[in-house]
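*Asks:* What follows is a predicted structure for the sequence shown.
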Amino acid sequence: MIIWSGQSKEYAVLSFAFSPEQRDFRAELERFAVTELAPRYIERAASTDYPWDAHRQVAELGVLGIGLPERFGGSGDPDPVTLGLATETLARGDINVASAPIYVGLVAAQIAEHAAPEVANEWVPRMVAGEAIVAIAVTEPGAGSDVSGLATVARPVDGGLRISGEKVAISHVMNASAALVYARAPESAGHAGVSCYLVPFDADGVTRTHTLGMGALPLGWGGVHLDDVFVPSDHRVGEDGRGFAGAMAHFDFSRPAIGLACLGAAEASLDEAVEWAKQREAFGRPIAAYQGVSFPLAESATLIEAARWLCYRSLWARESGERHTQYAAMCKWWPPQVAKDAIEAALVTHGNLGYSTEMPLQQRYRDVMSYLIGDGTAAIQKRIIATAMLGKVAAT
Ligand SMILES: Cc1cc2nc3c(=O)[nH]c(=O)nc-3n(C[C@H](O)[C@H](O)[C@H](O)COP(=O)(O)OP(=O)(O)OC[C@H]3O[C@@H](n4cnc5c(N)ncnc54)[C@H](O)[C@@H]3O)c2cc1C
């Protein structure tokens, strides 16, 4: 981690070292990823059932409480770097199971920080214990990249609100017990007037539909239809009419975490390709002897290394209270792309075996693809970075 001492105009410390506690924790998670997650990754990934057993094991390892207040069973102060480290390490064994820590910083932290105490007390400890998942529902049929166009309405009534609308493409919709739903006040337009509500899925008027994607099947992707659903007033999470502000602050965590999830899957793929290149022979020599094989692996290693430090730079900036929205956007467009390309190179290194569903490579490729779109496409991330650089002229 780079620490700049502004007063002395000298570098006080220049170090990329994790703390001894982080190193020990990573070693424990690595053992779990290699021995428990990796051997059954293909089987789990081919099923639409969420692996609650693995999810609870992740909870027992303390991952789902990282950075959440102790009163909810968490570890205490916000700790985005450790949460990112957990995401990357778990993804080496199973990128789908590794979505769990992303939801700690994206959803549980949002509820812990901004929900009414009774609502936070009801939901956050269950999330920390691995007993409940809360999804995040922003996207609608008519509003994806341009979230200001969302049409779901929350109409004030006695004691609360009635919410009507349609959300689509929501991860975990089939696994979750509730969702953070973004809905606007009647007659409002644009970003203004949008608030966030915690909507339990057992409320009257909620219907969920499963959508099959090309990967990430256990994440129970799909839509939720809200037909005049009543939520009590205390289920608003965050300030009235400023729902996007709360969400965006937490996307600044999820974006580097997603980058690290993708890179964890790419690192495992690269390790497998290196082993295979040393064993497999062609034209009388191990294929590792050919630069046509070794150079793509060398390139992948270089790009993965650069991309993972970009992610940790962003998480470290978050931990330090530095502005990091543009770094987070960089982490969401580039590292998933680096990971996808590295997995493709590893797959091709394995020849016909790489393409086979008996190998994890094709599965990782399909799972990583989900993150090229979910949480905003590369074009939208570049728009955020360009706006930070050039101002509103770039936000068209
Ligand atoms: C696997 C997966 C999981 C998801 N999980 C969730 C979830 O949990 N919760 C949730 O709310 N949503 C989720 N989404 C939805 C996701 O956030 C949206 O799909 C994404 O933001 C893009 O919106 P869209 O699909 O409507 O595409 P559109 O907004 O219609 O965009 C279509 C294309 O146009 C491009 N484009 C749009 N505007 C511009 C511009 N100004 N400049 C350049 N290019 C532009 C986009 O980059 C894209 O390539 C998920 C999606 C996927 C695929």
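*Replies:* Good, I have the coordinates.
*Asks:* For the residue in the chain that the ligand sits nearest to, which residues are in contact?
*Replies:* Using C-beta to the nearest ligand atom, the closest approach of the chain to the ligand is made by residue 144 at 1.7 Å. All C-beta spots, glycine's among them, are computed from the backbone N, C-alpha and C. Neighbouring residues of residue 144 by C-beta atoms under 8 Å, 6 or more residues apart in numbering: residue 169.
*Asks:* try 7 Å this time
*Replies:* Listed by C-beta atoms under 7 Å, 6 or more residues apart in numbering, residue 144 has no contact partners.
*Asks:* ok, and for whichever strand or helix holds residue 348, which residues are buried?
*Replies:* Per DSSP states H and E: residue 348 is located in helix 325-349. Along helix 325-349, these residues count as buried under the neighbour rule (16 or more other C-beta atoms under 10 Å): 325-347, 349.
*Asks:* just how off-centre is that helix within its chain?
*Replies:* Here helix 325-349 is found 14 Å from its chain centre; the criterion is C-alpha atoms, centre = their mean, to the nearest Å.
*Asks:* avg pLDDT for it?
*Replies:* Confidence over helix 325-349 (mean pLDDT, whole number) is 98.
*Asks:* List of residues touching the helix or strand just after that helix?
*Replies:* Using DSSP H and E, the helix or strand that follows helix 325-349 in sequence is helix 352-355. With C-beta under 7 Å, 6+ apart as the test, helix 352-355 has contacts from 347, 348, 359, 361, 362.
*Asks:* The same query, at a cut-off of 10 Å, please.
*Replies:* Outside helix 352-355, the residues within contact range by C-beta atoms under 10 Å, 6 or more residues apart in numbering are 269, 272-273, 276, 280, 343-348, 359-362, 365.
*Asks:* returning to that earlier point: can you give me the pLDDT of the residue of the chain closest to the ligand?
*Replies:* At residue 144, pLDDT is 96.
*Asks:* which stretches of the stretch 101-250 of the chain form strands?
*Replies:* For the stretch 101-250 of the chain, applying DSSP state E, counting those that start in this stretch gives strands covering 134-137, 153-157, 160-170, 178-184, 194-200, 206-210, 222-232.
*Asks:* could I get those as JSON lines with mean pLDDT and mean neighbour count?
*Replies:* Below are the strands of the stretch 101-250 of the chain laid out as JSON lines (pLDDT from 0 to 100; neighbours: other C-beta atoms under 10 Å):
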{"stretch": "strand 134-137", "mean pLDDT": "98", "mean neighbour count": "27"}
{"stretch": "strand 153-157", "mean pLDDT": "98", "mean neighbour count": "17"}
{"stretch": "strand 160-170", "mean pLDDT": "98", "mean neighbour count": "20"}
{"stretch": "strand 178-184", "mean pLDDT": "98", "mean neighbour count": "26"}
{"stretch": "strand 194-200", "mean pLDDT": "97", "mean neighbour count": "25"}
{"stretch": "strand 206-210", "mean pLDDT": "98", "mean neighbour count": "14"}
{"stretch": "strand 222-232", "mean pLDDT": "98", "mean neighbour count": "18"}
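*Asks:* Throw those into JSON lines and include distance to the ligand, thanks.
*Replies:* Below are the strands of the stretch 101-250 of the chain laid out as JSON lines (distance: least, C-beta to the nearest ligand atom, whole Å):
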{"stretch": "strand 134-137", "distance to the ligand": "5"}
{"stretch": "strand 153-157", "distance to the ligand": "16"}
{"stretch": "strand 160-170", "distance to the ligand": "4"}
{"stretch": "strand 178-184", "distance to the ligand": "8"}
{"stretch": "strand 194-200", "distance to the ligand": "12"}
{"stretch": "strand 206-210", "distance to the ligand": "13"}
{"stretch": "strand 222-232", "distance to the ligand": "10"}
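*Asks:* Tell me which of the ones you listed sits nearest to residue 244.
*Replies:* Of all the strands of the stretch 101-250 of the chain, strand 194-200 sits nearest to residue 244, with 5.5 Å by C-beta to C-beta.
*Asks:* what helices or strands is that closest one leaning on?
*Replies:* Counting contacts by 3 or more C-beta pairs under 10 Å, 6 or more residues apart in numbering; DSSP states H and E, strand 194-200 is packed against helix 109-114, helix 117-128, strand 134-137, strand 153-157, strand 160-170, strand 178-184, strand 222-232, helix 243-279.
*Asks:* Relative to residue 43, which of these is closest?
*Replies:* Nearest of those (C-beta to C-beta): helix 243-279, 16.1 Å.
*Asks:* Quick check: which ranges of the chain have low pLDDT?
*Replies:* 1-14 (pLDDT under 70).
*Asks:* which parts of it sit against the ligand?
*Replies:* 135-139, 144-145, 169-171, 213, 216, 221, 370, 373-377, 379-380, 383 (C-beta under 6 Å from any ligand atom).
*Asks:* Give me the buried subset of these.
*Replies:* 135-139, 144, 169-171, 213, 216, 221, 370, 374-376, 380, 383.
*Asks:* Alright, calling it a day.
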